[in-house]
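*Asks:* My questions concern the predicted model and sequence given below.
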Amino acid sequence: MAQSTSKFERRRYDRVALTLSGRYMLADGKEFDCQIVDVSPVGVAIRGPLPGDLGERVIAYFEELGRIEGVIVRRAPDAEWFAVELRVPASRAHKLANRIDWLVRRQREGLPERRSFQRFDQEPELTTLRLSDGSEVEAGVIDVSSGGAALEVDVAPPIGAVVALAGRRARISRHFAGGIAVVFDADAGPSAKEADSAGTRGPAR
């Protein structure tokens, strides 16, 4: 059975401001609409009409985070919000951190909504990423859109490196814990292997 994150692991995560709407259910089965105030992979502050009692179990659902649960550990003096310590297996905390990072970037930078993605609480769809040297590595698709993708992968090619994903040429745009983000080239262009054969490395600038 997966273990919840340790106190040491919990200290690695800082809460970040993120606005997401959802619903939560208290121990008596009553459900309420709510909104996230801030969140980390191990804790969340929720604004809702009824805060619940300290130590009370809470289950919440947010479309883009999936189902989360934990216990109430703090309440605002004016009862405007309450904080929940999440009961998250260590394996899922890592994925949740990646997901939160993406959502924060999307809100901050005004990125478009995803149009093609699996539910977050499902396992990432596996695909193959071709690197500039022609080698291939397995990657899990976190997000994909017409403009790019976020991938769980064990390698981290340099920013600007040319790769190919599902036959489309792309460039590494960002690194994050446990993965990378790529941006698809606007034109069809050669694949990463073809670009490598032509001596292309990094951004074509």
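*Replies:* Ah, there it is.
*Asks:* Helices of this structure, residue ranges please.
*Replies:* 7-10, 90-109, 192-197 (DSSP state H).
*Asks:* looking at the ones you listed, which one has the lowest mean pLDDT?
*Replies:* Mean pLDDT per stretch puts helix 192-197 lowest among the helices of the chain, at a mean of 39.
*Asks:* pretty sure residue 56 is touching residue 75, no?
*Replies:* No. Using CB atoms under 8 Å, residue 56 makes no contact with residue 75, being 10.3 Å away. (Glycine included, C-beta is placed from N, CA and C.)
*Asks:* measure residue 43 to residue 156 for me?
*Replies:* According to CB to CB, to the nearest Å, residue 43 stands 27 Å off from residue 156.
*Asks:* neighbour-wise, which of the two wins?
*Replies:* residue 43 (19 against 13; other CB atoms under 10 Å).
*Asks:* domains of this protein?
*Replies:* Listed domain ranges for the chain are 7-109, 125-197 (source: automatic domain parsing).
*Asks:* ok, of these, where does mean pLDDT dip lowest?
*Replies:* Looking at the domains of the chain, the bottom one is domain 125-197 with a mean of 79.
*Asks:* which one is residue 57 nearest to, not counting chain neighbours?
*Replies:* Among residues not flanking residue 57 along the chain, residue 27 sits closest, at 5.2 Å (CB to CB, 6 or more residues apart in numbering).
*Asks:* What of residue 80?
*Replies:* Excluding the flanking residues, the one nearest residue 80 by CB to CB, 6+ apart is residue 47, at 6.2 Å.
*Asks:* isn't that neighbour right up against residue 32?
*Replies:* No. Shown here, residue 47 and residue 32 do not form a contact pair, counting by CB under 8 Å, at 10.3 Å.
*Asks:* Roughly how far does the residue sitting nearest the centre point of the chain sit from residue 40?
*Replies:* Centre of the chain computed as the mean C-alpha position; nearest residue by CA atoms, centre = their mean is residue 99, 0.8 Å away. As judged by CB to CB, residue 99 and residue 40 stand 12 Å apart.
*Asks:* With residue 84 instead?
*Replies:* Distance from residue 84 to residue 40, by CB to CB: 11 Å.
*Asks:* Between these two, tell me which one has more neighbours.
*Replies:* Between residue 84 and residue 40, residue 84 has the larger neighbour count (other CB under 10 Å), namely 25 against 20.
*Asks:* In contact with the more buried one, which residues are there?
*Replies:* 43, 44, 45, 46, 58, 60, 68, 70, 71, 72, 73 (CB atoms under 8 Å, 6 or more residues apart in numbering).
*Asks:* Going by neighbour count, which of those residues comes out on top?
*Replies:* Highest count within the contacts of residue 84 by other CB under 10 Å belongs to residue 44, 28 neighbours.
*Asks:* Tell me which stretches of the protein form strands.
*Replies:* 16-17, 21-25, 31-40, 43-47, 57-62, 66-75, 81-86, 125-130, 136-144, 148-152, 162-165, 168-176, 179-184 (DSSP state E).
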